[in-house]
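J.: any chance you could fold what I've pasted below:
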Amino acid sequence: MVERIPKIILFILLVFVATSSYSQIDEVRVIDNKGTIANVPISPIKAIGKIAVNGSVIKATNGISAERISTGRYKITIDASIINISDADFIIQLTQPGRGGAGNDDPGISYSNQLYSTTPTATASFEVIIGDNDNGGTDRNRFDSEFMFVILDL
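T.: Predicted structure coming up:
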């Protein structure tokens with residue numbers, strides 16, 4: 001006797017719908033047993049990256065570039081024609097290595113100047129600021145550091 005599979009999972013076909021450069025997968029196309037097609041978002045994660053102390057890209061999603069602007073200040077540029085970002089409200093998550101209690105032992109990381117433009121080409125960017133925060137009431141003592149980021153968009 002053949003066991004019947006429930007109608008809902010009778011037939012599911014996964015087709016990856018990618019951007020024109022095939023660098024990121026945005027959706028999975030699901031087709032049910034009645035032929036109904038639905039595009040289901042896979043993830044809000046649009047890009048990831050690991051940036052070296054000197055501002056070079058160690059590893060990142062295709063379409064990411066980075067540069068060191070000055071001590072403790074970096075600029076990340078996103079080619080929005082490759083990485084699907086909808087507007088200037090994309091979400092930025094940052095992290096940096098710990099210092100093990102030596103030297104700059106209270107590191108802080110933040111972003112500023114978050115931008116998105118469609119002219120002349122679709123680009124987005126943000127700056128990363130890294131420094132030591134436990135130096136009393138004075139400004140952050142900036143220093144260069146490796147860091148990582150995740151960009152999300154809905």
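J.: residue 50 against residue 145, yeah?
T.: No: assessed by CB atoms under 8 Å, residue 50 is found out of contact with residue 145, at 11.8 Å. Glycine gets a C-beta too; all of them are placed from N, C-alpha and C.
J.: and the two? which has more neighbours close in?
T.: Counted by other CB atoms under 10 Å, residue 50 and residue 145 do not tie: residue 145 has more neighbours, with 19 against 14.
J.: skipping its backbone neighbours, what lies nearest the more buried one in space?
T.: residue 130 (4.8 Å; CB to CB, 6 or more residues apart in numbering).
J.: cool, and residue 93?
T.: Among residues not flanking residue 93 along the chain, residue 150 sits closest, at 4.4 Å (CB to CB, 6+ apart).
J.: count the neighbours of the one you found for me.
T.: Using other CB under 10 Å, residue 150 has 16 other residues around it.
J.: mind telling me what element it is part of?
T.: strand 147-152 (DSSP states H and E).
J.: rewinding a little: which residues lie in contact with the residue nearest to residue 93 in this structure?
T.: By CB atoms under 8 Å, 6 or more residues apart in numbering, residue 150 lies in contact with 45, 47-48, 92-93.
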